[in-house]
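Novice: no sequence for this one, just the structure:
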């Protein structure tokens, strides 16, 4: 499912779905940000914006305002929690500092743990059922756990 | 035979190095009317032919969504060169080939240059020239601008290609896309009779703003909306390119490159900014401190020469003109030379090594709130030293809007020449907290520069939004040859363009001060102008003497101090005593605020003119004067409440 390139965590690769339909988009297309191509998030500037992306062998920096408008899907079936509406999922990656992780851990969400998504933004863990806000949900990455 | 050659390529593919390798010293900045983007031209004789080579701005496409692209495209379209050399980077050819495909749609005689072949070889990358040439149907030359490899081959290739027949090498899109292109092309041809109807059709489908506007009267919407196949066309081109690259690259090695390792440190989350600031500190020291003795020496030599002339020739108008006017003027220009050359040398290292875009990347967030990019941060920082190199350092800011905003705002940052004025005033009126007062002016100057950026973005460039897409090139060791050329050519440009203006204005200023009575400055034309100016400055309570000093300060800010000295000379009291009667504390503070912000000195104005043209020099004068006036008036009014 689609998400913004700006939400893809550093180190991950994603496939481009679409670029904005304006001059910015034209520029991006010519630089290799073409639907279907993969793009890897290389690093992030000291103040969090802009970030460096690898596309077709070149390192290109984009501001988050621009990257936000590029829709991608993360590879290997990974999804941010904000995109998921049901099923059993395994937590594979968290984007945030220690406080963020601590807070999630107290709700039973940690890397490797399995969670059940009840509905959009509502998560059932071994600690109970929690409603998770969109801002946080974007930073929790899951992979479907069929086992 | 004269052959006109255009160099095209993405930014950072070593286009400039290749241009240097092709033309050497025989290059100059082309004077294209109305073009603020630097375009260089150079000449080379080769096997009895005269090659005129134009180095077009680096672009990724010819879609004309940015000024660079528009300049490159208009040149190719309307001043059609005999041969177009398209440069691609050996380590990531795709984007270069994309540009090549677009250029081929213009039915140009093109040559593909795969540059940095030495680096590719080091990485174990083998590129099959024949295979590339076979697929693209254009001659391919492998070069290294750094080692000079393949340059002669390229020159031979240019000469032989120029005499071949113009041929149509077209890339065929998928059947569906192709059908639409042909349908549109037929319509365009029937209604306007354009020769390059296919090209127009493709650009229409790609949503090129200029083409869409030009074809707006035609009824094309029934076939397709403009920009309808934007992504599709790009996709098909890149699919084709990826196939070619796969066929032509014979060995691939994937190892962690040196660049990534260096980047890990230089753009690091915590130490990235401190490293940037430390490097800037070193650069600042080098450009303003290390070479300062040389500046002082040059200045000293000329004032010594002036003394000598006076001693030899005796008093008189000619003597004064030679000593104070001409020698003073030359000295004023030459005093800048060490700083300017040092600055360009450093900028050259940063640009050539690949650090400059990283610096822009690291600092971008800070400037983004001012609607600028990280690239301009350095210019503002340099402004604390001297506005002239700061303005010059904006060259190379890719976004024209941002460059103009930076040029107009940088002079507000308080340069070192203004410090003597602050010190003089502060020591007289605020002797107890001199430090605080001077510091507050510096802080205020930063705010003024920031406010100015915001104001200009909101007014002059309302609604224009710069996008910041920057490529981070691989780190390279700068070559001495390139550095020397870079420093020399830019330094020379400053000397010739700005130097002339600085020289002439010092002569004019001398005349204004000398006539009509060389023995009484208070009666000089300059003082009369000062009196006229004081009418305007009356609301600020600056009298004619303060106004005259300000008028002279336009020559160079530190002159304000010496002008006060001259104006008060005739009476017996000390300068300090007299000055303390001239202002009350509020006026004194508003005076130094005014000095901080008002009209940039002649040298800066000359630089602005040579960089952006007369129009922006005039705007700068009016704009900074208004800004200074408003700020000083604000100080007056706020001070009036407390006093």
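Specialist: Received, thanks. Remember, predicted model here, so these are calculated numbers, not experimental data.
Novice: what does stretch B:579-597 rub up against?
Specialist: B:412, B:414, B:418, B:421-422, B:424-426, B:428-430, B:437, B:441, B:444-445, B:448, B:540-543, B:545-546, B:550, B:553, B:557, B:560, B:564, B:568, B:624, B:627-629, B:631-633, B:635-636, B:639-640, B:643 (C-beta atoms under 8 Å, 6 or more residues apart in numbering or on different chains). (C-beta placed from N, C-alpha, C; glycine too.)
Novice: tell me the gap between that stretch and the middle of its chain.
Specialist: 35 Å (C-alpha atoms, centre = their mean, to the nearest Å).
Novice: strands along chain B, start to end?
Specialist: B:2-9, B:27-29, B:40-46, B:49-55, B:83-89, B:110-115, B:126-127, B:140-142, B:249-251, B:469-472 (DSSP state E).
Novice: can I get those in a markdown table with mean neighbour count?
Specialist: Below are the strands of chain B laid out as a markdown table (neighbours: other C-beta atoms under 10 Å in any protein chain shown):
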| stretch | mean neighbour count |
| --- | --- |
| strand B:2-9 | 22 |
| strand B:27-29 | 16 |
| strand B:40-46 | 17 |
| strand B:49-55 | 19 |
| strand B:83-89 | 26 |
| strand B:110-115 | 26 |
| strand B:126-127 | 16 |
| strand B:140-142 | 22 |
| strand B:249-251 | 12 |
| strand B:469-472 | 22 |
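Novice: weakest of the ones you listed by average pLDDT?
Specialist: Looking at these, the lowest mean pLDDT belongs to strand B:27-29 (a mean of 73).
Novice: ok, now which ones touch the residue nearest to residue B:275 when sequence neighbours are not counted?
Specialist: Nearest non-adjacent residue to residue B:275, counting by C-beta to C-beta, 6 or more residues apart in numbering or on different chains: residue B:266, 6.0 Å away. Neighbour list for residue B:266: B:272, B:275, B:355, B:358, B:362 [criterion: C-beta under 8 Å, 6+ apart].
Novice: which of those residues has the most neighbours?
Specialist: With neighbours defined as other C-beta atoms under 10 Å in any protein chain shown, the most crowded of these is residue B:358; it has 26 neighbours.
Novice: sorry, back to before: of all the strands of chain B, which one is nearest residue B:598?
Specialist: strand B:27-29 (30.8 Å; C-beta to C-beta).
Novice: C-terminal to the helix or strand hosting residue A:130, what's the next element?
Specialist: Using DSSP states H and E, residue A:130 sits within strand A:128-131. Using DSSP H and E, the helix or strand that follows strand A:128-131 in sequence is helix A:134-137.
Novice: next one, pLDDT for the residue nearest to residue B:275 please.
Specialist: On the pLDDT scale, residue B:266 gets 88.
Novice: and what of residue B:352?
Specialist: The model's pLDDT for residue B:352 equals 85.
Novice: do the same with residue A:113
Specialist: Residue A:113 is given a pLDDT of 89.
Novice: any idea how many residues pack against it?
Specialist: Neighbours of residue A:113 under the rule other C-beta under 10 Å: 16.
Novice: check the secondary structure at the nearest residue to it once chain neighbours are set aside for me.
Specialist: Nearest residue to residue A:113, sequence neighbours excluded (C-beta to C-beta, 6+ apart): residue A:91, at 5.3 Å. What DSSP: H, G, I helix; E, B strand; the rest coil gives for residue A:91 is strand.
Novice: residues near residue A:91, how many?
Specialist: Neighbours of residue A:91 (other C-beta under 10 Å): 22.
Novice: quickly list what it is bridged to.
Specialist: Beta bridges link residue A:91 to residue A:142, judged by DSSP bridges.
Novice: distance of residue B:345 from residue B:378?
Specialist: Residue B:345 sits 15 Å away from residue B:378, taking C-beta to C-beta, to the nearest Å as the criterion.
Novice: next one: residue B:620
Specialist: Applying C-beta to C-beta to residue B:620 and residue B:378 gives a distance of 20 Å.
Novice: nearest to chain A: which residue in the stretch 151-300 of chain B?
Specialist: residue B:234 (3.9 Å; C-beta to the nearest C-beta).
Novice: in helices only, show me the contacts of stretch B:579-597.
Specialist: B:421-422, B:424-426, B:428-429, B:437, B:441, B:444-445, B:448, B:545-546, B:550, B:553, B:560, B:564, B:624, B:627-629, B:631-633, B:635-636, B:639-640 (DSSP state H).
Novice: of these, buried ones?
Specialist: For the ones in helices among the contacts of stretch B:579-597, a burial check counting by 16 or more other C-beta atoms under 10 Å in any protein chain shown picks out B:421-422, B:424-426, B:428-429, B:437, B:441, B:444-445, B:448, B:545-546, B:550, B:553, B:560, B:564, B:624, B:627-629, B:631-632, B:635-636, B:639.
Novice: do you know how far the residue in chain A sticking out farthest from the centre is from residue B:218?
Specialist: For chain A, the largest distance from the centre (C-alpha atoms, centre = their mean) belongs to residue A:23, which lies 25.3 Å off. Distance from residue A:23 to residue B:218, counting by C-beta to C-beta: 22 Å.
Novice: related to what we said a few turns ago, wait, what's in contact with the residue nearest to residue A:113?
Specialist: Counting by C-beta under 8 Å, 6+ apart, residue A:91 touches A:109-115, A:140-142.
Novice: pick out the most distant pair among the residues you listed.
Specialist: Maximum pairwise distance among the contacts of residue A:91 (C-beta to C-beta): 13.9 Å, between A:114 and A:141.
Novice: can you list contacts of the strand holding residue A:130?
Specialist: By C-beta under 8 Å, 6+ apart, the list of residues contacting strand A:128-131 reads A:107-108, A:118, A:121-124.
Novice: for stretch B:201-220, same thing?
Specialist: Contact with stretch B:201-220 is made by A:21, A:23, A:26, B:63-65, B:70, B:105, B:177, B:180-182, B:184-185, B:187-188, B:191-192, B:200, B:224, B:226-230, B:233-234, as judged by C-beta under 8 Å, 6+ apart.
Novice: buried only: go through these for me.
Specialist: Buried residues within those, counting neighbours by 16+ other C-beta under 10 Å: A:23, A:26, B:63-65, B:70, B:105, B:177, B:180-181, B:184-185, B:187-188, B:200, B:224, B:226-230, B:233-234.
Novice: in helices, which of the residues you listed appear?
Specialist: A:23, A:26, B:70, B:177, B:180-181, B:184-185, B:187-188, B:200, B:230, B:233-234.
Novice: okay, now residue B:575: neighbour count?
Specialist: By other C-beta under 10 Å, the residues close to residue B:575 number 15.
Novice: picking that back up, tabulate the ones in helices among the buried ones among the contacts of stretch B:201-220 (TSV), appending pLDDT and distance to residue B:479.
Specialist: Formatted as TSV, those follow (pLDDT from 0 to 100; distance: C-beta to C-beta, whole Å):
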residue	pLDDT	distance to residue B:479
A:23	82	36
A:26	88	34
B:70	84	31
B:177	91	44
B:180	90	48
B:181	90	44
B:184	88	47
B:185	87	46
B:187	85	52
B:188	84	47
B:200	87	42
B:230	90	39
B:233	93	38
B:234	94	35
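Novice: now, which of these sits nearest residue B:128?
Specialist: Of these, the one sitting nearest to residue B:128 (C-beta to C-beta) turns out to be residue B:234, at 25.6 Å.
Novice: look up the closest residue to that closest one, ignoring the ones flanking it.
Specialist: Nearest non-adjacent residue to residue B:234, counting by C-beta to C-beta, 6+ apart: residue A:29, 3.9 Å away.
Novice: count of neighbours near the one you found?
Specialist: Using other C-beta under 10 Å: residue A:29 sits among 27 other residues.
Novice: next: residue B:299.
Specialist: Neighbour tally, residue B:299, other C-beta under 10 Å: 15.
Novice: wait, it sits on residue B:328?
Specialist: No. Using C-beta atoms under 8 Å, residue B:299 is not in contact with residue B:328, being 9.8 Å away.
Novice: from the ones in helices among the buried ones among the contacts of stretch B:201-220, pick the one nearest residue B:92.
Specialist: For those, the nearest to residue B:92 is residue B:234 (16.6 Å; C-beta to C-beta).
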